[in-house]
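**Q** what shape does this take:
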Amino acid sequence: MKETEGNVDTDTPHDVKSLSIVANHKATPEIHEPEQLSEAVSKPSESQQAPKRKNTKRRDLSRFLGTMPPELIFEVLMYLPPQDLVNMACTTKAIRRLLLSIPLLWERKREELEAPAPPPTFSNAKWVSFLTTKHCYSCGAVNVRPDYYLLKYFCIKCRAAYLINDIKVKSMFPGSGEEVLRCIPCTQMTAQFKHNENRLYYSEDVEAMKFLWNWYLEDIEAGIEGAKEVFDSFKKERAALVRDMQEIAPRAETWRNEVLARRSQQNRAVKERRLDDIKRRFLRLGYIAEDLADLDHTDVGIGNSVLTEKAWEKLRQKLEPDIQGRKEARLFSEKQAVMKSRFAILTEAWDKWIAFLNLLTSEHFLYPQSFDLWYFLPINEILELDSGVEVTVKDFQPTIDIFHVLVAEFQRQMEERALNLIPTANLTPASSNVALDLATSIFSCSLAPACQKADSHRSPALLIGWKAASMHRCSHAHQKYGIRTPVHRSRLVFAVAASKLAYHLVHLCGADPFTTTADHMDILDEQFTCQTCTKDTGECSKKAEKVVFNWRGALWHAAEQHKGGANDHDAHPTFSLLQVDADRKTVKRKNEEIKKGALNTLPAWYCNHCLAYNHGKSGVLKDVQEHISDAHGIEKPSDPTNYFFNEMYRFNLEGRRTTINPVSPKSESQD
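**A** Numbering: from 1, shown residues only. Next up, the predicted model:
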């Protein structure tokens with residue numbers, strides 16, 4: 001009996017001049033029978049020996065099986081899977097000898113595997129052993145893909161190390177050429193199991209063939225009778241054997257792919273059964289199918305198709321947090337949908353009430369927008385009712401009856417919040433009536449600069465006075481569980497640095513910062529020079545080009561270009577009053593010309609009679625006047641009775657600079 005590495009075989013050894021083209025490179029360790037201890041080894045005394053246990057006599061399985069009828073042994077062993085039968089044959093020599101004495105058993109196991117017939121040099125036992133092997137013949141790495149052309153298992157590393165191409169093989173057999181290649185098994189699969197144009201040979205097969213090839217040639221050269229005929233017969237047998245291997249390999253590869261496909265299908269079936277069991281358990285815990293949607297893409301393992309309690313507890317700890325999060329997201333989404341359907345009932349009543357009031361467009365900016373109603377306490381309490389409660393317009397009727405009260409309270413709170421933002425140092429008793437309109441009462445949006453990018457126009461970084469702040473309708477919403485929440489009105493924040501600069505500018509004009517309003521500063525129309533920009537020219541201050549702004553432009557310029565860096569304006573003034581009369585006149589004349597053109601071209605005018613024009617957005621003055629004349633029958637509409645300016649475009653109108661060269665009375669203006 002011949003024993004190969006990890007394979008079981010009943011074939012007799014080849015003649016000394018034969019080539020074992022299917023021999024493995026490294027042997028698998030065998031389990032030998034235990035030997036008795038040498039008599040020379042001294043045994044411990046009885047007092048030192050451990051207490052003897054009952055039934056310590058080891059049973060010899062091979063002897064036990066030997067006492068059974070062959071038919072019964074065959075029936076019992078047929079219950080073993082092929083892999084287990086191979087493992088059993090590797091336990092002891094006696095058991096291996098017993099199993100190999102039943103060739104029909106191995107034939108049945110091959111049929112059980114649905115494997116093709118074995119190669120000529122393989123018995124059924126050896127073929128079953130080869131097909132169930134998964135370790136590299138060279139390094140012993142496990143889970144290795146077989147090469148059926150070479151009838152060996154090699155890992156990627158060993159394939160690259162031990163396979164050589166046909167060009168190198170030919171160089172080892174000078175003058176033999178293709179003749180020797182037909183006698184050695186080859187493959188065209190690279191280390192990555194991709195098809196290669198060159199034929200690849202196992203180096204040890206080549207070395208063995210080289211040894212035999214030279215041996216036969218030496219016999220022929222020595223003139224031994226019949227040596228050439230023996231050599232020719234050997235080459236013919238080897239070529240036939242290699243051809244048989246080449247024919248069997250594709251069938252074996254197809255068989256392997258089918259086995260892998262069936263195994264994959266079985267694993268999917270087991271996983272599906274396991275998933276179904278997991279889902280049923282979660283459903284019993286109160287979740288619904290929608291909460292478990294992500295389980296289909298989650299690794300729940302395969303294991304046994306029957307889910308044990310221990311495995312369930314481990315999987316529950318792993319999966320339930322995500323399932324609970326999905327349930328919360330579902331409940332939140334359902335709640336939001338119910339609340340929005342209820343809110344639609346209220347907004348319909350709100351729109352009718354607003355239409356009944358026939359408000360001027362300028363008044364609309366002081367009224368809450370529809371999304372503001374969501375957060376009114378009486379309304380929100382109804383929206384938050386349990387989803388099972390049916391809500392109709394009757395439930396909102398008490399709130400609808402006091403819309404005018406809610407509006408008044410909203411306007412009061414908006415002004416009160418703005419007043420509370422103004423530092424007490426900016427106010428005196430004389431400021432009480434004009435606090436929100438002071439030139440030093442400057443605000444900005446809490447979402448800036450994001451709100452500036454969101455607007456179709458260029459929103460000002462600063463909102464000067466309550467007139468501009470009340471027209472700023474920036475809003476935002478955030479995502480919760482990937483669901484958009486109701487819109488919030490953005491908060492106003494106080495622009496401290498700009499307020500300090502405004503205080504300084506008012507003081508330069510000789511006015512009282514505690515009583516001077518933004519409109520009063522517009523009437524004064526003083527011009528200011530940015531000292532920082534003048535110094536940046538690197539020239540003498542008397543000859544340097546001066547950068548001039550009106551008071552609003554100075555505030556915006558400092559906020560955008562200098563980031564309001566000079567907070568302590570008394571110690572480090574950034575701007576100075578333009579004193580030269582000629583320069584003042586030149587700047588004012590130029591500003592008037594540019595301002596007049598901008599008023600006619602900027603889309604900065606609202607119709608004060610309706611929001612139908614331009615879908616509620618501001619437009620060009622000429623278009624607004626035509627709309628008022630056509631839609632409202634007013635021949636010569638006046639400002640601001642019929643139309644008014646959109647304060648969000650105030651920056652585009654006045655946030656420019658004028659440059660002056662003191663040497664020349666000419667000046668240039670840049671937007």
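
**Q** where does the prediction get shaky in the stretch 201-350 of the chain?
**A** Across the stretch 201-350 of the chain, the ranges flagged by pLDDT under 70 are 302-305.

**Q** make it 80
**A** For the stretch 201-350 of the chain, the stretches flagged by pLDDT under 80 are 300-306.

**Q** number of nearby residues for Asn642?
**A** 21 (other Cβ atoms under 10 Å). For every residue, glycine as well, the C-beta is placed using N, CA and C.

**Q** let me see the contact set for it.
**A** 607-609, 628, 632, 634 (Cβ atoms under 8 Å, 6 or more residues apart in numbering).

**Q** the most centrally placed residue in the chain and Phe365: what is the separation?
**A** Nearest to the mean C-alpha position of the chain, counting by Cα atoms, centre = their mean, stands Gly482 at 14.3 Å. Going from Gly482 to Phe365 by Cβ to Cβ, to the nearest Å gives 34 Å.

**Q** if the nearest residue to Lys546 once chain neighbours are set aside is in a bridge, with which residues?
**A** Nearest residue to Lys546, sequence neighbours excluded (Cβ to Cβ, 6 or more residues apart in numbering): Ile660, at 4.6 Å. Beta-bridge partners recorded for Ile660 (DSSP bridges): Lys546, Ser667.

**Q** ok, back up a step: and the nearest residue to the residue nearest to the centre of the chain once chain neighbours are set aside, helix, strand or coil?
**A** Among residues not flanking Gly482 along the chain, Ala329 sits closest, at 6.9 Å (Cβ to Cβ, 6+ apart). Three-state assignment for Ala329 (DSSP: H, G, I helix; E, B strand; the rest coil): helix.

**Q** who's in contact with Ala329?
**A** Neighbours of Ala329 in contact, by Cβ under 8 Å, 6+ apart: 481-483.

**Q** just Pro486 next, same as before
**A** Counted by Cβ under 8 Å, 6+ apart, Pro486 has contacts 371, 374-375, 477.

**Q** if we use 6 Å, what do you get?
**A** Trp374 (Cβ atoms under 6 Å, 6 or more residues apart in numbering).

**Q** SS state for it?
**A** Classified using three-state DSSP, Pro486 is coil.

**Q** Serialize the contacts of Ala329 to JSON lines and add fields for distance to Asn420.
**A** Below are the contacts of Ala329 laid out as JSON lines (distance: Cβ to Cβ, whole Å):
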{"residue": "Tyr481", "distance to Asn420": "34"}
{"residue": "Gly482", "distance to Asn420": "36"}
{"residue": "Ile483", "distance to Asn420": "33"}
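
**Q** remind me, longest helix of this protein?
**A** Ordering each helix of the chain by length in residues (DSSP state H) puts helix 227-284 first.

**Q** for that helix, packing partners?
**A** helix 203-221 (3 or more Cβ pairs under 6 Å, 6 or more residues apart in numbering; DSSP states H and E).

**Q** so what's the backbone phi/psi at Phe154?
**A** phi -130, psi 140 (degrees, to the nearest 10).

**Q** quick one: contacts for the nearest residue to it once chain neighbours are set aside?
**A** Leaving out its chain neighbours, the residue that sits closest to Phe154 by Cβ to Cβ, 6+ apart is Cys136, at 5.7 Å. If you count contacts by Cβ under 6 Å, 6+ apart, Cys136 has them with 144, 153-155, 158.

**Q** please identify which of these is nearest to Thr254.
**A** Among the contacts of Cys136, Tyr153 lies closest to Thr254 (Cβ to Cβ), at 18.2 Å.

**Q** quick check, the closest one in contact with Arg145.
**A** No - checked against Cβ atoms under 6 Å, the pair Tyr153 and Arg145 is beyond contact range at 7.5 Å.

**Q** what about these two, which has more around it?
**A** A side-by-side neighbour count of Tyr153 and Arg145, using other Cβ under 10 Å, places Tyr153 first with 25 against 15.

**Q** quick check: phi and psi at that one.
**A** phi -110, psi 120.

**Q** ditto for Asp581
**A** Dihedral angles (degrees, to the nearest 10) for Asp581: phi -60, psi -40.

**Q** can you name the residues that contact it?
**A** Counting by Cβ under 6 Å, 6+ apart, Asp581 has no contacts.

**Q** ditto for Val624
**A** Counted by Cβ under 6 Å, 6+ apart, Val624 has contacts 605, 607, 643.

**Q** point me to the helix or strand that includes the residue lying closest to Arg281 once chain neighbours are set aside.
**A** Nearest residue to Arg281, sequence neighbours excluded (Cβ to Cβ, 6+ apart): Trp312, at 6.3 Å. Taking DSSP states H and E as the definition, one finds Trp312 inside helix 309-357.

**Q** what about the residue nearest to Ala604 when sequence neighbours are not counted, neighbour count?
**A** With Cβ to Cβ, 6+ apart as the criterion, Ala604 has its nearest non-adjacent residue at 3.5 Å, and that residue is Tyr649. By the criterion of other Cβ under 10 Å, Tyr649 has 21 neighbours.

**Q** mind checking how far the longest helix of the chain is from the chain centre?
**A** 38 Å (Cα atoms, centre = their mean, to the nearest Å).

**Q** stretch 629-643 too?
**A** Using Cα atoms, centre = their mean, the offset of stretch 629-643 from its chain centre is 56 Å.

**Q** residues of it that come out buried?
**A** Judged by neighbour count (16 or more other Cβ atoms under 10 Å), stretch 629-643 contains these buried residues: 637, 642-643.

**Q** which one of the residues you listed is nearest Leu98?
**A** Nearest member of these to Leu98, counting by Cβ to Cβ, is Tyr643, at 108.7 Å.

**Q** what sits against the closest one?
**A** Tyr643 makes contacts with 605, 607-608, 624, as judged by Cβ under 6 Å, 6+ apart.

**Q** return the subset of the residues you listed lying in strands.
**A** Assigned to strands by DSSP state E, the following of these qualify: 605, 607.

**Q** so which of the contacts of Tyr643 is surrounded by the most neighbours?
**A** Trp605 (27 neighbours).

**Q** give me the pLDDT for the nearest residue to that one once chain neighbours are set aside.
**A** Spatial nearest neighbour of Trp605, excluding adjacent residues (Cβ to Cβ, 6+ apart): Val624 at 4.5 Å. If you check Val624, the pLDDT there is 93.

**Q** could you do Phe376 as well?
**A** 91.

**Q** phi, psi of it?
**A** With angles defined as degrees, to the nearest 10, Phe376 sits at phi -70, psi 130.

**Q** burial count for the nearest residue to it once chain neighbours are set aside?
**A** Ranked by Cβ to Cβ, 6+ apart and with sequence neighbours excluded, the top spatial neighbour of Phe376 is Leu406, at 5.8 Å. As a burial measure, Leu406 scores 19 neighbours (other Cβ under 10 Å).

**Q** confidence score at Leu406?
**A** At Leu406, pLDDT is 94.

**Q** next: His32.
**A** 33.

**Q** same question, Asn600
**A** So, for Asn600, pLDDT stands at 89.

**Q** returning to what we had before: what angle sits between the helix holding Trp312 and helix 227-284?
**A** Angle of helix 309-357 versus helix 227-284, following axes from the mean of the first three to the mean of the last three Cα atoms, to 10 degrees, is 50 degrees.

**Q** return the member of the buried residues of stretch 629-643 nearest to Tyr503.
**A** Nearest to Tyr503 among the buried residues of stretch 629-643, with distances taken as Cβ to Cβ, is Tyr643, at 33.5 Å.

**Q** gap between the closest one and Ser123?
**A** The gap separating Tyr643 from Ser123 is 103 Å, by Cβ to Cβ.

**Q** swap in Pro69?
**A** Per Cβ to Cβ, Pro69 is found 24 Å from Ser123.

**Q** these two: which is more packed in?
**A** For Pro69 versus Ser123, the count of surrounding residues by other Cβ under 10 Å is larger for Ser123: 20 against 8.

**Q** measure that one to Gly286 for me?
**A** Per Cβ to Cβ, Ser123 is found 61 Å from Gly286.
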